[in-house]
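In: sequence first, predicted coordinates after that:
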Amino acid sequence: MNERPVQPVAPSGMAVLFTYVCPHCGQPNYVPEPVQPESCRCGRCSQPFPIIPVDRRTLQYLRIMFDNGRAAADIDFI
């Protein structure tokens, strides 16, 4: 069987992770696009803590600027 190698795939979307430091143990916790006030549970100490949400308009701006991730692809690979 003569299989061709798989070609690299360009981004087709994006998600933004935000870092929240646990107030109990100092561990950084990564939350994808938290646009609602919510409680986060620390990955190290398992203690819950409330987080401040991010602005939806800022996320929308980033998506527009990066063409939903496609504009961030390295042109040398395309």
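Out: Structure received.

In: for the chain, what spans make up the strands?
Out: In the chain, the strands defined using DSSP state E lie at 17-21, 28-32, 38-41, 48-51.

In: columns mean pLDDT, mean neighbour count and distance to Asn2 on top of those, output as CSV?
Out: Where you see a C-beta, it was placed from the backbone N, CA and C, and this is true even at glycine. Output for the strands of the chain, formatted as CSV (pLDDT from 0 to 100; neighbours: other CB atoms under 10 Å; distance: least, CB to CB, whole Å):
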stretch, mean pLDDT, mean neighbour count, distance to Asn2
strand 17-21, 98, 12, 41
strand 28-32, 97, 12, 41
strand 38-41, 97, 12, 50
strand 48-51, 98, 13, 52
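
In: mind putting the ones you listed into CSV with distance to Val9?
Out: CSV is the format used below for the strands of the chain (distance: least, CB to CB, whole Å):
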stretch, distance to Val9
strand 17-21, 20
strand 28-32, 20
strand 38-41, 31
strand 48-51, 32
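
In: out of those, which is closest to Ala71?
Out: strand 17-21 (18.6 Å; CB to CB).

In: that closest one: how far from the chain's middle?
Out: 9 Å (CA atoms, centre = their mean, to the nearest Å).

In: relative to strand 28-32, how tilted is that strand?
Out: Our comparison of strand 17-21 with strand 28-32, counting by axes from the mean of the first three to the mean of the last three CA atoms, to 10 degrees, yields an angle of 150 degrees.

In: just the C-alphas of strand 17-21, formatted as PDB.
Out: This file holds the C-alpha atoms of strand 17-21, laid out as PDB (Å, rounded to 0.1, in the frame of the first residue of the first chain):
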ATOM      1  CA  LEU A  17      -7.100  30.200  28.100                       C
ATOM      2  CA  PHE A  18      -7.000  32.500  31.100                       C
ATOM      3  CA  THR A  19      -4.800  31.800  34.100                       C
ATOM      4  CA  TYR A  20      -6.300  32.200  37.600                       C
ATOM      5  CA  VAL A  21      -4.000  31.700  40.600                       C
END
